[in-house]
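# fold the following for me, if possible:
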Amino acid sequence: MSFNDSRIRTTHAGSLPRTEALLTANAAKERDGITPEFHELLEASVTGIVAKQRELGIDIPNDGEFGHTMSSAVDFGAWWNYSFARLGGLEETTVDRWADAQVNRSTPGNVVLTSFPDRRDRQAFAEAYADPTSGILAHRKATTQPKVVAPLTYTGHDLVASDIRNLKTAMAATGTEEGFLAALSPASCARLANDFYTSDEEYLFAAADAMREEYKAIIDAGLTLQIDDPSLAESWDQVNPEPSLEDYLKFLELRVEATNYALRGLPAERIRLHVCWGSWHGPHTTDIPFADILDPVLRINAGQYSFEAGNVRHEHEWRLWEDHVLPEGKILVPGVVSHATNVVEHPELVADRIERFANLVGRENVIASTDCGLGGRVHPQIAMAKLEALGAGAALATKRLWKGTEIIV
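Model (predicted):
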């Protein structure tokens, strides 16, 4: 991890739109298995998306998560489905995550998680969610995920090795010095139905042991590890009725402990934590304020903290940093363009959003990013336009924050 010395650097939150060729090949892979032709297409696709990110002004790219199994549709939980192919101890189930409530019945603080239809945001706007013309991405076919029936183990060594190899090949081809790969957090991993572990704590720490192998592989390869953990913020809306803040913070404390256990001994300066409130296109009026969870988030042993700050439900929360001191040696990675709207942000607005953070925590400590992954949330053409606006906005912010300094590209 390095700090800005003469310009605002840029990155994004992970998923990027896949090509039709890659989606078709991925579907065939699920049916027929991995072929040499699939490997060739995946490698070429990753090199292409890294080159595109660099062209649009993204300094710290990733592989678009192209190596993560995912459909073109934005199915509930699609962003974490890749982990099913990388974990042992799972079994197919008929549990419909869109319909079956009380996914986890016993957690610290008596917090009870429910399925998506029982979220408080969805209940508060039931008519809008039920209206197919509303534009809310909430109408899904029945979606099933496996359940845990045996000890969790990590089986994805070949898959993560492929992710690493493809990204490093692309970085070499494009002259890119720093890249990142995203991986599921223990807490988000442990949201599968569980028929094996007898306690929430046992389940979480088993997930931490399993996913640690993926974390180590990414860091050992010289890449930045992004830990995806929307569960820290998103779970609040998934608790019905609304819990006390005290109970919810107890619920989070165990998840923070499990994550730090998984990251033990790994260099914090090579780790980025991504937090969001769930990327579905809903009103989000029942989101927990960032202020309420900021302390637990900062207790996770990461060097960088990525979070939604362009989303209009959370944009105002930049003011938190008027009262909170950024810990020494840490970097903020705020979202300054959003997945939640098809409107492409103006570069001037992007620059304004960057400057808010830079003026509060220091220009050297801000990397500009997206709120969440853009893949599947906006049209591919719009996604690329948003990345271009991000790059252009960062260049404008650089001119303002380093007056009289030549921009280094």
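
# ok, now how distant is the closest residue to Asp292 other than its chain neighbours from Gly310?
In space, and not counting its chain neighbours, Asp292 is closest to Leu245: 5.9 Å by C-beta to C-beta, 6 or more residues apart in numbering. C-beta coordinates here come from the backbone N, C-alpha and C atoms, glycine included. From Leu245 across to Gly310, the span is 26 Å (C-beta to C-beta, to the nearest Å).

# what segments of the protein are helices?
Under the criterion DSSP state H, the chain carries helices at the ranges 20-32, 36-55, 120-124, 126-130, 157-174, 186-189, 200-220, 231-234, 245-262, 290-299, 320-323, 347-361, 380-401.

# deepest in the core, which of these is it.
helix 186-189 (a mean of 26; mean count of other C-beta atoms under 10 Å).

# outside of it, which residues touch it?
Under the contact criterion C-beta atoms under 8 Å, 6 or more residues apart in numbering, helix 186-189 has outside partners 80, 83, 87, 204-205, 207-208, 210-211, 228-232, 255, 258-259, 261-262.

# for stretch 123-130, same thing?
Outside stretch 123-130, the residues that touch it by C-beta under 8 Å, 6+ apart are Arg122, Ser134, Ile136, Ala138, Asn240, Gly282, Pro283, Thr285, Thr286.

# which pLDDT value belongs to Glu92?
The model reports Glu92 with a pLDDT of 86.

# and the nearest residue to it once chain neighbours are set aside, what does it touch?
Using C-beta to C-beta, 6+ apart and skipping residues adjacent in sequence, the residue nearest Glu92 is Pro146, 5.5 Å away. Residues in contact with Pro146, defined by C-beta under 8 Å, 6+ apart, are Phe84, Leu90, Glu91, Glu92, Thr93, Leu192, Ala193.

# for Gly156, same thing?
Ser83, Ala85, Arg86, Leu87, Glu213, Glu214.

# if you set the cut-off to 10 Å instead, what comes out?
With contact taken as C-beta atoms under 10 Å, 6 or more residues apart in numbering, Gly156 is in contact with 67, 82-88, 162-163, 183, 210-211, 213-214, 217.

# now the buried members of the contacts of Pro146.
Buried subset of the contacts of Pro146 (neighbour count, 16 or more other C-beta atoms under 10 Å): Phe84, Leu90, Thr93, Leu192, Ala193.

# rewinding a little: show the pLDDT at the residue nearest to Asp292.
Leu245 carries a pLDDT value of 97.

# who are the contact partners of it?
Gly109, Trp236, Ile288, Pro289, Asp292, Ile293.

# residue ranges with poor pLDDT in this protein?
In the predicted model, the chain carries pLDDT under 70 at residues 1, 70-78, 95-110, 116, 137-143, 404-409.

# separation between the residue most central in space within it and Glu317?
Among the residues of the chain, the one closest to the centroid is Asp228, at 4.2 Å (C-alpha atoms, centre = their mean). Distance of Asp228 to Glu317, given as C-beta to C-beta: 20 Å.

# ditto for Gly282
18 Å.

# not counting sequence-adjacent ones, nearest residue to Ile288?
Using C-beta to C-beta, 6+ apart, the closest residue to Ile288 is Trp236 (3.7 Å).

# and that neighbour, how far is that from His324?
From Trp236 over to His324 (counting by C-beta to C-beta), the distance is 19 Å.

# circling back to that earlier point, by neighbours, which of the contacts of stretch 123-130 wins?
Ranked by the number of neighbours (other C-beta atoms under 10 Å), the contacts of stretch 123-130 place Gly282 first, at 25 neighbours.

# and it, what does it touch?
116, 119, 121-122, 124-125, 128-129, 134, 136-138, 237, 313, 340.

# closest one of these to Gln53?
Ala340 (20.7 Å; C-beta to C-beta).

# that closest one contacts Lys386, doesn't it?
No - in this structure Ala340 lies outside contact range of Lys386 using C-beta atoms under 10 Å: 11.0 Å.

# got any residues that touch both of the two?
Contacts common to Ala340 and Lys386, judged by C-beta under 10 Å, 6+ apart, are Gly310, Asp371, Val378.
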